[in-house]
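A.B. asks: show me the folded form of this:
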Amino acid sequence: MKLSIVLSTQQAQFNAVAFKGDLAANVAKIAHWGYDGVELAIRDPKLIDLDQIDAIVKKHGLVMPAIGTGQAWGEEGLSFPDPDPQIRDAAIERVKSHIPVAAHFDAVIIIGLLRGIVKPGVSQAQALAWVTEALQECSAAAAPHGVRLALEPINRYETSLINSVADGLDLIERVGADNFGLLLDTFHMNIEDASIEGSIRAAGDRIFHFHVADSNRWYPGAGHIDFRSLLDALFATGYNGYVSGEFMPLPDADTAAQEAIRYLRGLKQEE
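C.D. replies: Below is the predicted model of the structure:
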C-alpha cells in the first residue's frame, strides 16, 4: 500500500489539510515518518516554483501522485457553474494551467469544490450542464499530455453537485472522456454512500485516486470507519495508486500524520 498525505503549498482556509506553510520542512517530516508520496494542494501554478518543488520532493525520495485544485474555489471563488461566464472561463483556464505541472510529476489533477455549488438563479440542470462542459474541455486539453482528471464526490452539506459515487459515475458517462475518473474520499462516502465497499466496487477502474479520513474527519483509526474492509475492496478492483490522507490537523498536524501512517501500516502488517 502506497501512502501519501496532503500538503498545501500556501496557507489556506480549508481545514482538512494537515500541513500548510514551510514546504521543505513539511516534506522532510512526511518522508521521515515513512510516507511514499506527498499530494500537493496548489491554488495557482503561477505561485509556485516548479523546479524547487521538484528538487524537494526528489531529495526525500517521494512521489507526487495528485494535485489538489480546491483552493481556487476556497480562496478565489472560481467554479465551473458560476452564473458569471468570466468566472466559469477562469475556472477552466485554472485547471488547464495545472496540466504542465501534472504532466511533469505524472500526477492526477483533482477536481473537488472547483466544481462549485448551485448559486441562486441557476437551476440544478444548468449547473450540471456547465460542469459537464467544463470537464469535457479540461479533459480534452489534458489528454494529449497523458494527464488524468479525477472528480471527488463531496457530501451534501458542502454542495448539491455530485455527492455520491453513483452521481460521479453518471457524470463520467456525461463527460465521456477516458482520462476523466473519480477520486473517492472515505469521509464523504461515509455520509453519502449506503455501502462504501459497494460503491468502491461499482467505481472499479474509474477510481483514479483515493483519500482517507475517518468518520469524524480525523485521521484513520480515530473514528468508526472499517478501513480494513474498504481497503480490501479498493485493492480488489485492481487499484494500484496511492492512498492519500486528507484529514483535520487534530490534535495537531504532526500527531495526526503519525497516527494515520501507524494505523494504516498496521492494517497491512496484519494481512
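
A.B. asks: determine the longest helix present in the protein.
C.D. replies: Taking DSSP state H as the criterion, the chain has its longest helix at helix 85-105.

A.B. asks: and after that helix, which helix or strand comes next?
C.D. replies: Using DSSP states H and E, the helix or strand that directly follows helix 85-105 along the chain is strand 108-111.

A.B. asks: who touches the longest helix of the chain?
C.D. replies: Contacts to helix 85-105, defined as Cβ atoms under 8 Å, 6 or more residues apart in numbering, come from residues 42, 44-46, 48, 50, 54, 57, 63-64, 67, 69, 72, 77-82, 107-109, 111, 114, 116, 130, 134, 137-138, 141-142, 145-147, 149. Yep, even glycine has a C-beta here, placed from its N, CA and C like the rest.

A.B. asks: now for the residue nearest to T69 when sequence neighbours are not counted: which residues touch it?
C.D. replies: Spatial nearest neighbour of T69, chain neighbours left out: L114 (5.0 Å); criterion: Cβ to Cβ, 6 or more residues apart in numbering. Applying Cβ under 8 Å, 6+ apart to L114 gives the contacts 69-70, 72-73, 78-80, 91, 94-95.

A.B. asks: about what we covered before: buried subset of the contacts of helix 85-105 as a ChimeraX selection?
C.D. replies: A single ChimeraX command selects the buried members of the contacts of helix 85-105 (16 or more other Cβ atoms under 10 Å):
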select :42,44,45,48,57,63,64,67,69,72,78,79,80,81,82,107,108,109,111,114,116,130,134,137,138,141,142,147,149
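
A.B. asks: which SS class is the residue nearest to T69?
C.D. replies: On the three-state scheme (DSSP: H, G, I helix; E, B strand; the rest coil), L114 is labelled helix.

A.B. asks: and it, how close does it get to I87?
C.D. replies: 11 Å (Cβ to Cβ, to the nearest Å).

A.B. asks: and L234, what does it touch?
C.D. replies: 200, 207, 210, 243 are the contacts of L234 under Cβ under 8 Å, 6+ apart.

A.B. asks: now do the strands in the stretch 101-250 of the chain.
C.D. replies: 108-111, 149-151, 180-185, 207-212, 242-245 (DSSP state E, counting those that start in this stretch).

A.B. asks: please compute how far the shortest one lies from its chain's middle.
C.D. replies: When C-alpha coordinates are averaged (Cα atoms, centre = their mean, to the nearest Å), strand 149-151 and its chain have centres 8 Å apart.

A.B. asks: repeat for the last one
C.D. replies: Between the centre of strand 242-245 and the centre of its chain there are 9 Å (Cα atoms, centre = their mean).

A.B. asks: go on, the third one?
C.D. replies: On the basis of Cα atoms, centre = their mean, strand 180-185 sits 8 Å off its chain's mean C-alpha point.

A.B. asks: ok, how many other residues are close to G34?
C.D. replies: 11 (other Cβ atoms under 10 Å).

A.B. asks: pretty sure it is touching I261, no?
C.D. replies: Yes. Counting by Cβ atoms under 8 Å, I261 is a contact partner of G34 at 5.7 Å.

A.B. asks: need the residues touching each of those two.
C.D. replies: By Cβ under 8 Å, 6+ apart, G34 and I261 have these common neighbours: L3.

A.B. asks: for the stretch 51-200 of the chain, which segments count as helices?
C.D. replies: In the stretch 51-200 of the chain, the segments counted as helices under DSSP state H, counting those that start in this stretch are 71-74, 85-105, 124-142, 165-175, 186-192, 196-203.

A.B. asks: G221: which of these is closest?
C.D. replies: Closest approach to G221 among the helices of the stretch 51-200 of the chain (Cβ to Cβ): helix 186-192, 11.8 Å.

A.B. asks: in the chain, which residue is most central in space?
C.D. replies: I110 (4.8 Å; Cα atoms, centre = their mean).

A.B. asks: residue contacts, that residue?
C.D. replies: 66-70, 149-152, 183, 209.

A.B. asks: tabulate these (TSV), appending pLDDT and distance to A28.
C.D. replies: Supplementary listing: these in TSV, determined by pLDDT from 0 to 100; distance: Cβ to Cβ, whole Å:
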residue	pLDDT	distance to A28
A66	97	20
I67	96	20
G68	93	20
T69	93	25
G70	88	25
L149	98	30
A150	98	27
L151	98	32
E152	98	28
L183	98	26
H209	98	24
